[in-house]
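Visitor: Here is my input; please provide its structure:
(one chain, ligands or ions: 1)
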Amino acid sequence: MKAVDADVIIVGGGNAGFSAAHAAAERGRSVLVLEKASRERAGGNSYYTAGATRVTHGGLDDVRDFIDADERHSSTEVPPYTPEQYIADMERVTEGRNDADLTRVLVEDSQGTMRWLSSLGMRYRLMYERQAYDRPDGSYLFWGGLHIGNTGGGEGLIADHVKIAECLGETVVYDCDVTELIVEDGRVVGVVATLPEGRREYRAESVVLAAGGFEGNVAMRQKYLGDGWQHAKLRGTPCNTGALIEAGLGVGAARAGDWGSAHSVQWDAFTPNNESNRELTNRLTRGGYPNGIIVNRDGQRFVDEGEDFRNYTYAKFGREILKQPGNVAYQVFDAKTRPLLRVEEYEMPDISEYVSETLDGLAEAAGIDVDGLRQTVDAFNSGIDESHDFDPTIKDQRRSDVQPPKSNWASSLDTAPFYAYPVTCGVTFTFGGLKSDVDGRVLTESGDQIPGLFVCGEMLGGLFSNNYPGGTGLAAGMVFGRRAGSIA
Ligand SMILES: Cc1cc2nc3c(=O)[nH]c(=O)nc-3n(C[C@H](O)[C@H](O)[C@H](O)COP(=O)(O)OP(=O)(O)OC[C@H]3O[C@@H](n4cnc5c(N)ncnc54)[C@H](O)[C@@H]3O)c2cc1C
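Guide: The predicted structure follows:
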């Protein structure tokens, strides 16, 4: 047997890969993280995130000891988020297509894994700017089951991971494009990679695949997600091209999860450089739609914008926009609802935006059918159930009885100026991946383990389908990364 370069090779230096790396290094294993991107562009999709991480907790007192101190804590209400709620959210948004065992482990391990990362040096805080509304009395109420995030967002998350990796003695090789798995006597014993200096092999006892989904591969998107997905804009890293998913299938791994759907959001349609933008990252997302309406170029609505809190609908509305003429839609607000939109997103430099004193003027400026928009807004305004007050902090049942209905947060569009934000589909990550047990051991179709091979993060299939509860990508990455690294 040839000499090994490390005990454990991790392919991919994102949140899942580093979580696996730290768990292995903590056990005294020598760890090599092989990362395709350059050092300057590393961090995968994890770098682009807001750092929002969904974990169970019993309220602020339950997490206060490991989150950053903040003077607002004394006037803040953080409703508990129980394991039962987490499981129910996963089942509801995926319409029951989530793997029950993976989900149970995700939920059970979520806070413990966050505490473990915190003990290694990862910093966390309450996400006031994204997940709380300030109330008239000056206090804050958190909503939507997603309350804690990384200090410094995705950039902070990756910076902290890199620091922890240094402390634990892990070696990270950048510019290292892993292309193949080496199998000897039925066991995965290493990988083949292309580096600037040429091709080489790396050998180890175990290989953990944490190289993301296939969202960065236009041909695979079109093949598995369907026609139209070639037009989606890539929100995150261009490096996640599915090569290692195919390599895993090539050595006998089974597929798992929903290969026909992906996480996709409403995304600035027209601003230049709206793909894989490391400066603007998440600022290109347009998440304020629950307080307004969304219309297509014909001025027609096509989703229930107020079906649920944003955290439970944002990941499925991107694909609805792909179905609209020109793959574009417009979020429309008036002077009453515009102040509710997040500064980070809606005051982005070079934002695509139309503003007008009249609705007709807005439609003309934006290229929306004038009569179509006028009829839609008239019907929407007159369909509003005025018996409930508008309140964005709760599901207020202030509904507009139109088709499709708007179930909550219906506020009449009647006060100038009017605003329209053009949005297209921004693809985040794909849901289909490789099959594994709850410890990341890669399985074949018949349920046998492939010795030496582990998987975690976006590459692990089975958790999500069609939709996704916000903050679960980072949670799944840390939980299953840690578990794989604990036995690899
Ligand atoms: C704009 C944006 C915002 C988001 N916001 C959130 C959020 O707030 N909360 C949340 O939970 N989720 C969020 N997500 C989703 C989240 O990013 C992912 O679910 C999560 O980061 C995936 O982690 P990962 O480690 O599996 O993948 P990644 O972080 O993408 O890491 C995969 C790594 O593998 C490397 N790689 C790929 N191919 C190879 C190869 N052949 N050889 C070597 N290396 C390779 C890549 O370069 C990359 O560094 C967001 C995503 C985007 C794009």
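Visitor: Name the residues of the stretch 101-250 of the chain found near the ligand, please.
Guide: Residues of the stretch 101-250 of the chain lying near the ligand by Cβ under 6 Å from any ligand atom: 176-178, 210-212, 235-237, 239-240, 243-244. Using the backbone N, CA and C atoms, a C-beta is placed for each residue, glycine as well.
Visitor: quick one: which of those residues is most hemmed in?
Guide: Counting neighbours by other Cβ atoms under 10 Å, Ala210 comes out on top of these with 34 neighbours.
Visitor: Ala3 versus that residue, what's the distance?
Guide: 24 Å (Cβ to Cβ, to the nearest Å).
Visitor: Point out where the stretch 1-150 of the chain drops to low pLDDT.
Guide: The model of the stretch 1-150 of the chain has pLDDT under 70 over residues 1.
Visitor: typo on my end, the stretch 251-400 of the chain
Guide: Using pLDDT under 70, the stretch 251-400 of the chain has no residue that qualifies.
Visitor: Residue numbers of the stretch 301-450 of the chain in contact with the ligand?
Guide: 428-429.
Visitor: For the closest residue to the ligand within the stretch 301-450 of the chain, grab phi and psi.
Guide: As assessed by Cβ to the nearest ligand atom, the ligand sits closest to Thr428 within the stretch 301-450 of the chain, at 4.6 Å. When quoted as degrees, to the nearest 10, the phi and psi of Thr428 stand at phi -100, psi -60.
Visitor: doesn't Trp267 make contact with it?
Guide: No - the pair Thr428 / Trp267 is not scored as a contact, 9.4 Å apart, by Cβ atoms under 8 Å.
Visitor: Mutual contacts of the two, please.
Guide: 235, 318 (Cβ atoms under 8 Å, 6 or more residues apart in numbering).
Visitor: how does this protein divide up, domain by domain?
Guide: Split into domains by automatic domain parsing, the chain comes to 6-213+431-487, 263-426.
Visitor: What's the local residue count around Gln403?
Guide: 9.
Visitor: quick check: longest helix of the chain.
Guide: helix 100-120 (DSSP state H).
Visitor: Tell me the gap between that one and the middle of its chain.
Guide: 17 Å (Cα atoms, centre = their mean, to the nearest Å).
Visitor: repeat for stretch 120-140
Guide: 19 Å.
Visitor: Return the set of buried residues in it.
Guide: Buried residues in stretch 120-140, counted by 16 or more other Cβ atoms under 10 Å: 120, 122-128, 130-132, 140.
Visitor: can you list contacts of stretch 89-100?
Guide: Counting by Cβ under 8 Å, 6+ apart, residues outside stretch 89-100 touching it are 103, 106-107, 145, 256-258, 312, 315-316, 462-469, 472.
Visitor: residues contacting Asp389?
Guide: 396, 398.
Visitor: Any idea how many residues pack against Leu32?
Guide: Leu32, neighbours per other Cβ under 10 Å, totals 23.
Visitor: That one: what secondary structure?
Guide: strand (DSSP: H, G, I helix; E, B strand; the rest coil).
Visitor: Looking at the stretch 251-400 of the chain, what residue ends up closest to the ligand?
Guide: Asn282 (4.5 Å).
Visitor: Would you mind measuring from that residue to Arg342?
Guide: 10 Å.
Visitor: likewise Ala165?
Guide: 32 Å.
Visitor: more crowded one of these two?
Guide: The residue with more neighbours, out of Ala165 and Arg342, is Ala165; 22 against 15, by other Cβ under 10 Å.
Visitor: for the host helix or strand of the more buried one, packing partners?
Guide: Assigned by DSSP states H and E, Ala165 belongs to helix 153-167. Helices and strands touching helix 153-167, as assessed by 3 or more Cβ pairs under 8 Å, 6 or more residues apart in numbering; DSSP states H and E, comprise helix 15-26, helix 44-48, helix 100-120, strand 148-150.
Visitor: how about stretch 183-193: buried residues?
Guide: 183, 188-191, 193.
Visitor: How about stretch 314-326?
Guide: Neighbour-count burial for stretch 314-326 [16+ other Cβ under 10 Å]: 314-322, 324.
Visitor: List the contacts of stretch 345-358.
Guide: 268-272, 280, 282-288, 330, 338, 362, 364-366, 416-422.
Visitor: Among those, name the ones in helices.
Guide: 362, 364-366.
Visitor: From those residues, keep the buried residues only.
Guide: Using 16+ other Cβ under 10 Å, the buried ones in the ones in helices among the contacts of stretch 345-358 are 362, 366.
Visitor: and which of the residues of the stretch 101-250 of the chain next to the ligand is nearest to Arg483?
Guide: Ala210 (12.1 Å; Cβ to Cβ).
Visitor: Ser46 against Ala476, yeah?
Guide: No - with contact defined as Cβ under 8 Å, Ser46 does not reach Ala476; the gap is 11.7 Å.
Visitor: So the two - more neighbours on which side?
Guide: Using other Cβ under 10 Å as the criterion, Ser46 and Ala476 rank with Ser46 on top: 31 against 28.
Visitor: quick one: contacts for the more buried one?
Guide: 14-16, 154, 157-158, 161, 474, 477.
Visitor: Repeat that for Gly485.
Guide: 8, 10, 19-25, 208.
Visitor: How confident was the prediction at it?
Guide: Gly485 is assigned 98 on the pLDDT scale.
Visitor: In helices, which of the buried residues of stretch 183-193 appear?
Guide: Counting by DSSP H, the buried residues of stretch 183-193 contribute nothing to helices.
Visitor: From the residues you listed, pick the one nearest the ligand.
Guide: Closest to the ligand, out of all of these and judged by Cβ to the nearest ligand atom, is Ala193, at 6.9 Å.
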